[in-house]
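# Sequence and predicted structure are below.
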Amino acid sequence: MDKHTLPTIVLAQFACTSLWFAGNAVLPNLITQFHLEASTLSHLTSSVQLGFILGTLVFAVFTISDRFSPSKVFLVCALLGAGCNLSLLGASGLATLLGSRFLTGFCLAGIYPVGMKIAADYHQRGLGKALGFLVGALVLGTAFPHLLKALTQGLPWRYVIWGTSGLAVLGGLSVFALVPDGPFRSRSTQPNFSAFFQIFRQKDFRAAAFGYFGHMWELYTFWALVPVLLALYAQQHPEAPVPVSLLSFSIIAVGALACVAGGYLSEKVGSARTAAVALAVSLGCCLVAPVIFQLPFPWFLGVLVVWGLAVVMDSPQFSTLVAQSAEGSVKGTALTIVNSIGFAITIVSIQFLQWVEAYAGAERRFLFLALGPLLGLWAMRRLLRKA
């Protein structure tokens, strides 16, 4: 493999996944301009996730990333995603805002899992480390709109949308121009409509997939609610300096370091053990969440940073376990299917925490995020025994 291939994929993944939370970063401006409710956060986030889910289902059913050149699929989806993101600028109300985010999410189905498929086509060994860099790029891309918003404070919110769309175009073009199909690519020649049922018959695949599903219950809900956590603390401690956009970026982005570190750790102790440690730490953060609002600001921020590290450290390792337990001819489809189900779970989690707030309160609702890591650890028992 050319030494420039993985860095190109990683930078392109960062650039293109910056589309993911572009709407969340400018939400305060959208609320003001369109007279929206504060609960719009959960609806905007769920719209992107729903689009991603439908997109991944379409990609999986028609085995698109296994039948066609992944680099070309990545390029087409990056260009379409950039255009859908720009359509946010022409929105006239909540319905068009949600539609724009939904279409953007649909296009992301040809970016995130396809990027992992490209990496898997170049790595028979060291896939855990490679995906550590790749998911780290996703984390940075997800966080980047918050940084862009902080850097353009006082400027029109549209700059964030233009910036993220421009990055997506550059990312798609770089993969198409510099990353040909990998040497370990196993190509399918026609749709395999039974792939979904075939791959779930494998016990190791089921263990990896269900561990990933528990991880996904927590991940995107935490990311979506990071600004809410910071705003809640600011309300209770008006004397504390809480730059919400900048800190939101930092808490999410620090997960990129954990992904890379987890990749190196997996080479020594294995992907299953690395993922289990991250899930356990993340579970602890969920359980202490209701009491962290009483802590001094440095301690509060410290817990959020640890949470930001642990919540995503296991993600590339689960993707590695999924890829390694799937047959080569349906590897891309397997990754896509697992992503689809995992992101469907994020919608349930986000909406559930929105609903449970009325009964448990704004602070105690975060306890319910612990269900994901707990069930994920239980699902991984088989893999941990083998490890």
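All right, it came through fine.

# Helices of the stretch 151-300 of the chain, start to end?
For the stretch 151-300 of the chain, applying DSSP state H, counting those that start in this stretch gives helices covering 158-178, 195-199, 203-236, 244-269, 271-288, 297-313.

# Buried ones in the longest one, by neighbour count?
Neighbour-count burial for helix 203-236, counted by 16 or more other CB atoms under 10 Å, picks out 204-205, 207-234. Glycine gets a C-beta too; all of them are placed from N, C-alpha and C.

# and if you look at stretch 236-254?
For stretch 236-254, burial by neighbour count (16+ other CB under 10 Å) applies to 237, 242, 244-254.

# cool, stretch 301-319 as well?
With burial defined by 16+ other CB under 10 Å, the residues of stretch 301-319 counted as buried are 301, 303-304, 306-319.

# average pLDDT for that stretch?
Here stretch 301-319 scores 94 as its mean pLDDT.

# How about stretch 253-269?
Averaged over stretch 253-269, pLDDT sits at 91.

# Ok, stretch 103-110 next?
If you average the pLDDT over stretch 103-110, you get 94.

# then it to PDB, C-alphas only?
Output of stretch 103-110 as PDB, limited to C-alpha atoms (Å, rounded to 0.1, in the frame of the first residue of the first chain):
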ATOM      1  CA  LEU A 103     -30.900  14.100   2.500                       C
ATOM      2  CA  THR A 104     -27.500  15.000   3.900                       C
ATOM      3  CA  GLY A 105     -27.700  11.900   6.200                       C
ATOM      4  CA  PHE A 106     -28.700   9.700   3.200                       C
ATOM      5  CA  CYS A 107     -25.500  10.800   1.300                       C
ATOM      6  CA  LEU A 108     -23.400  10.100   4.400                       C
ATOM      7  CA  ALA A 109     -24.300   6.400   4.000                       C
ATOM      8  CA  GLY A 110     -21.900   6.500   1.000                       C
END
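
# How far off centre is that stretch?
Centre-to-centre, stretch 103-110 and its host chain are 12 Å apart (CA atoms, centre = their mean, to the nearest Å).

# still on that earlier bit, out of the helices of the stretch 151-300 of the chain, which is closest to Gly372?
With CB to CB as the criterion, Gly372 lies closest to helix 203-236 of the helices of the stretch 151-300 of the chain, at 2.8 Å.

# returning to that earlier point: could you redo the buried residues of stretch 236-254 as JSON lines and give each row distance to Val260?
Compiled in JSON lines, the buried residues of stretch 236-254 are given as follows (distance: CB to CB, whole Å):
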{"residue": "His237", "distance to Val260": "33"}
{"residue": "Val242", "distance to Val260": "28"}
{"residue": "Val244", "distance to Val260": "26"}
{"residue": "Ser245", "distance to Val260": "24"}
{"residue": "Leu246", "distance to Val260": "22"}
{"residue": "Leu247", "distance to Val260": "21"}
{"residue": "Ser248", "distance to Val260": "21"}
{"residue": "Phe249", "distance to Val260": "18"}
{"residue": "Ser250", "distance to Val260": "16"}
{"residue": "Ile251", "distance to Val260": "17"}
{"residue": "Ile252", "distance to Val260": "15"}
{"residue": "Ala253", "distance to Val260": "12"}
{"residue": "Val254", "distance to Val260": "11"}
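
# hang on, Ala253 packs against Leu140?
Yes: counting by CB atoms under 8 Å, Ala253 touches Leu140, with 5.5 Å between them.

# ok, Val135 - how many residues close by?
Neighbourhood size, Val135 [other CB atoms under 10 Å]: 33.

# just Gln49 next, same as before
With neighbours defined by other CB under 10 Å, the count for Gln49 comes to 27.

# Flag the shaky bits of the stretch 1-150 of the chain, pLDDT-wise.
The stretch 1-150 of the chain contains residues with pLDDT under 70 at 1-2, 124-125.

# can you give me the helices in it?
Using DSSP H, counting those that start in this stretch, the helices of the stretch 1-150 of the chain run over 5-17, 22-25, 27-34, 40-61, 64-67, 70-86, 94-108, 112-122, 127-151.

# Show me the one of the ones you listed that comes nearest Phe343.
The minimum distance between Phe343 and these falls on helix 40-61, with 5.0 Å, by CB to CB.

# Can you tell me which helices and strands that closest one packs against?
In terms of contacts (3 or more CB pairs under 8 Å, 6 or more residues apart in numbering; DSSP states H and E), helix 40-61 is packed against helix 22-25, helix 27-34, helix 94-108, helix 112-122, helix 195-199, helix 203-236, helix 331-360.
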